[in-house]
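S.K.: how would this look folded up:
(chains A, B, C and D)
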There are 4 protein chains.
Amino acid sequence: MNGKESNAGRHGGVRETRRSHVTIRTVVWGENIHERVNEVVRSIYPDGMHTTIAAALNADDAITASTATLQEPEHGLTEARLKETDVLVWWGHKDHGAVADEVVERVARRVWEGMGLIVLHSGHFSKPFKRLMGTPCALKWREAGERERIWTVNPGHPIAAGIPENFVLENEEMYGEFFSVPEPLETVFISWFAGGEVFRSGLTWRRGAGNIFYFRPGHETYPTYHDETVQKVIQNAVRWAYNPQPAFAGIHEAPNVPVDKALEPIAERGPRLHKAGEEGYR
Amino acid sequence: MNGKESNAGRHGGVRETRRSHVTIRTVVWGENIHERVNEVVRSIYPDGMHTTIAAALNADDAITASTATLQEPEHGLTEARLKETDVLVWWGHKDHGAVADEVVERVARRVWEGMGLIVLHSGHFSKPFKRLMGTPCALKWREAGERERIWTVNPGHPIAAGIPENFVLENEEMYGEFFSVPEPLETVFISWFAGGEVFRSGLTWRRGAGNIFYFRPGHETYPTYHDETVQKVIQNAVRWAYNPQPAFAGIHEAPNVPVDKALEPIAERGPRLHKAGEEGYR
Amino acid sequence: MNGKESNAGRHGGVRETRRSHVTIRTVVWGENIHERVNEVVRSIYPDGMHTTIAAALNADDAITASTATLQEPEHGLTEARLKETDVLVWWGHKDHGAVADEVVERVARRVWEGMGLIVLHSGHFSKPFKRLMGTPCALKWREAGERERIWTVNPGHPIAAGIPENFVLENEEMYGEFFSVPEPLETVFISWFAGGEVFRSGLTWRRGAGNIFYFRPGHETYPTYHDETVQKVIQNAVRWAYNPQPAFAGIHEAPNVPVDKALEPIAERGPRLHKAGEEGYR
Amino acid sequence: MNGKESNAGRHGGVRETRRSHVTIRTVVWGENIHERVNEVVRSIYPDGMHTTIAAALNADDAITASTATLQEPEHGLTEARLKETDVLVWWGHKDHGAVADEVVERVARRVWEGMGLIVLHSGHFSKPFKRLMGTPCALKWREAGERERIWTVNPGHPIAAGIPENFVLENEEMYGEFFSVPEPLETVFISWFAGGEVFRSGLTWRRGAGNIFYFRPGHETYPTYHDETVQKVIQNAVRWAYNPQPAFAGIHEAPNVPVDKALEPIAERGPRLHKAGEEGYR
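M.R.: Numbering: from 1, shown residues only, chains lettered A, B, ... in the order given. Modelled structure (predicted):
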């Protein structure tokens, strides 16, 4: 750990007042390709985009962020590490296909168990996000360094806390509708682009016990993740996505409830396919 | 066709008043295993569950239903046939794993393009449903022939049209919460079980341009699909799920919008990764 | 009526194929002030905005639209007339306060019973809309005749049928977020404004058995309701909002279910406040 | 205060780690009639239901709860006190009509500004709840002391933290569907009743910046608010509903944005109704 106080005792949204030694254990996953092969990106993010994002998160007392990258064994996302991860932040673009399906499934399972997931920008096409949405997650795009103005359309949402009613990223890639994701639980931000498009830039979902937030900005050739307001949104998102309950391990099961264990007394009637206590089909 | 009048000109929810020759082209997909290997099921559904369901749908003037089964080539769901299908109804239980992944993906793509999907009972664990939900879709269950009482909790919803405030299936399999699906657009029905459980039995979602409805009842050892109210719910669901718009083929694309085609005049600025008009990464 | 065929038998979203003589009975309510006192508005809508909108709706075979105005007795919305109204379209701006509270309550009750309600533009501040939303329904605004570009963000929704991915109103009043309405069931349209704002321009809700759609465009000094795409959206909205079920009269009641009428046999236990069959408190 | 530590610095869902002196300032509002006039109710809640509920909340380190009753001047809910209230808990039954409309409007405005509201049991018919929902909020009921079994259908929701998958209240009043409220953001609990009904017992909404939770149990002739699980749900609800952001005072305004203050440079065009900077109509 790192000397931070903890929210081990946190429950239902507010931390216990006791000092303790746990914070929101966050992993920032970076594809880490452009930063190494592209001069422009390297000049903006010399230590990688994931490192910049993790540093921004560590500036928040409630968060302890580390990083993982595509190039590490199991992409840095072993079973053991995910088990100790409260919130996963994901940025990828150039090589979504290189992420092993086994790791994708592992991430999805941890989300269902309660791990938060923050998907950034081009991560809209990442395997874990598409897996959890069940839709194409496609959109329009244009790389022209145009002005993006992001509007808060849900000012009472925790992710909008302290965010102004609108803020500007002077140079960004355009993403335009139709963004083919499921209707969200809530829409938090909508972007205006100089070229005439709009985009739902901040959207929330829950999948199983896990909270998911998609946040649009972050093209690699612009210094977006150095922007303080963008950093604040991602901090807020990690706090919001954090589910302090124990991992919901039972979510993967479809348990039989035998007749003699029924909550109300019932008698068995009619024909059956399964014997008592037998497993169902999958 | 079959002499029925059509709703070819239907638009935005109400049919044109002209007589025409199209109805809602519906395919009832049945796994078709229990009906052949289990005496009890065969006695209730001698021609297969899919046949009984399709007949019930054909009793509705607006619907033309045919069937497809697991055993047919490509499970009866060729690219060509799905292209001509407005709504797909799905019942499976014993061998979900036997459905080819390629067909699952084909079904998902057609849903995104606008095909409706009605998932029945044990279809909660079918591959197409899990693919489109992005969650485990698990639940509790008990096969005791107990009483199920289904309550309408959204009486204004089109799927509840003509359905009483509650109705009883005297013998049904119990399904209990937690049902691990995404929060629905709307909850239409909730079941009460004699053994003490409740279940969200009628839920709606949209995925891309396709409407999805899950309807709980229908264990194969009981005559559920002969029940008139159950039949009426499924008819309503097919009508509701039907999207008269042309297939939304563009949903699979993530088109680049070049700077010189921007809707509002903009000048290109800043560094770029892609050349103009180049395809993005997937 | 007017010789149109009917959808009397419509059920669950698709019309019966029989010819009949009922269509969606629609009333377009207009405040009808600016058209009489303002030269500019009169020149665009010489017979009133409501008349233009009603004419556009009557161009749709499935709709029979008439009008009502603030100046008529009971604002043209008597109990008897509302009873025969399937969908009410509302435009008001200058004198929301002049609408009698009794009529507002009458409209709300009919919506709960299943009447559709389409609220246009400055109707965001109308009494019936605020009554049904339970929120301030406030927004930012600017009257500069600037360009509005409306994006379809839910192309599979019935209200978006036949509407292009975006369309332009060259001169419109700006409405900007935060639009303080409840999170909608679905967001259908989002507007881009030349001056830098965005706005959720097409939103749906259900209240009781009644479907509600808010549609942003329509400032009185511009010819917005002569625009074909705008007209098409309103036609679609009327079709979507139409609930063919009989009026849900029971929605106003909170009935006691006596113990001896319980669906499952139960014995009365414990102390009581009310005698059997007594009315509850309100 | 009371020596508790504070979460003054809380932001976006997790409390700051610094010790401070504020907690969630909660007011439990009780109608306080049955407790005084009915022997049975008095024997269960000798100091009033509100006092029992407030004591349960004060057992949570993060909450400081006080009480207010119908009989106090302004029902104990003065402008000044509401301003200092983070979350309001509401129980009423016998005399909803006695609550002054001015106080109802005051409560609604504070909710829009960000005050949380927890509505208990018969509070479904209270004026503030109906005001904020915009619907009848009606339901079925039966007072037979029957068994209620409450199921968690959203185990990842903060309000379900630490709540078992189901729990029993051996004697409760039955509430049955249709519960005529707007489709919620999320459904957290559903009740099963011995007499055959189901009910959506835990529902969330946001109105403006304020979070609202309805929780069903709590008939006055049974000791429901002495139940530990019920107490835990209400504690969780208060924590969830708490919005640490400053009061959103601007929510009541509909500001004009003059052309010369537009975010993007635009020229005024076309005819106008209002002069620059003029107030709009309400």
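
S.K.: and the helix or strand harbouring residue A:56, is it in reach of chain B?
M.R.: Element membership for residue A:56 (DSSP states H and E) is helix A:49-58. No. Residues of helix A:49-58 contacting chain B under Cβ under 8 Å from any Cβ of the partner chain: none, with a closest distance of 13.2 Å. Every C-beta, even on glycine, is put in place using the N, C-alpha and C of the backbone.

S.K.: and residue A:229, what element?
M.R.: If you go by DSSP H and E, residue A:229 is part of helix A:228-241.

S.K.: hmm, the helix holding residue A:56 touching chain D?
M.R.: No. Using Cβ under 8 Å from any Cβ, helix A:49-58 stays clear of chain D, with a minimum separation of 12.3 Å.

S.K.: so after that helix, what's the next helix or strand?
M.R.: Tracing the chain C-terminally past helix A:49-58 and defining elements by DSSP H and E, one meets strand A:63-69 next.

S.K.: chain center to that next one: distance?
M.R.: 13 Å (Cα atoms, centre = their mean, to the nearest Å).

S.K.: so what strands line up beside that strand?
M.R.: When sheet partners are counted by DSSP bridges, strand A:63-69 sits next to strand A:24-30 (parallel).

S.K.: touching the partner strand from outside, list them.
M.R.: Outside of strand A:24-30, the residues within contact range by Cβ atoms under 8 Å, 6 or more residues apart in numbering or on different chains are A:7, A:48-51, A:53-54, A:57, A:62-70, A:75-77, A:81, A:84-92, A:238-239, A:242, D:14.

S.K.: so for it, what's the average pLDDT?
M.R.: Strand A:24-30 carries an average pLDDT of 98.

S.K.: try stretch A:101-112
M.R.: The model assigns stretch A:101-112 a mean pLDDT of 98.

S.K.: that stretch: which residues count as buried?
M.R.: A:103, A:104, A:106, A:107, A:108, A:109, A:110, A:111, A:112 (16 or more other Cβ atoms under 10 Å in any protein chain shown).

S.K.: SS state for the residue of the stretch 1-150 of chain A found nearest chain B?
M.R.: Residue nearest to chain B within the stretch 1-150 of chain A (Cβ to the nearest Cβ): residue A:145, separated by 3.0 Å. At residue A:145 the chain is in strand, as set by DSSP: H, G, I helix; E, B strand; the rest coil.

S.K.: how much space separates it from residue A:161?
M.R.: 30 Å (Cβ to Cβ, to the nearest Å).

S.K.: OK, contacts around the nearest residue to residue A:31 once chain neighbours are set aside?
M.R.: Nearest residue to residue A:31, sequence neighbours excluded (Cβ to Cβ, 6 or more residues apart in numbering or on different chains): residue A:92, at 4.0 Å. Going by Cβ under 8 Å, 6+ apart, residue A:92 touches A:29, A:30, A:31, A:70, A:99, A:122, A:123, A:126.

S.K.: same thing with residue A:108?
M.R.: With contacts defined as Cβ under 8 Å, 6+ apart, residue A:108 is in contact with A:128, A:131, A:132, A:207, B:134.

S.K.: hmm, residue A:132 and the last one touching each other?
M.R.: Right, the one you point to is residue B:134. Yes. At 4.4 Å, residue B:134 and residue A:132 qualify as touching, with contact defined as Cβ atoms under 8 Å.

S.K.: quickly list what's touching both of those two.
M.R.: The overlap between the contact sets of residue B:134 and residue A:132 (Cβ under 8 Å, 6+ apart) consists of A:108, A:207.

S.K.: looking at the stretch 51-200 of chain A, what residue ends up closest to chain D?
M.R.: Closest point on the stretch 51-200 of chain A to chain D, by Cβ to the nearest Cβ, is residue A:156, at 2.9 Å.
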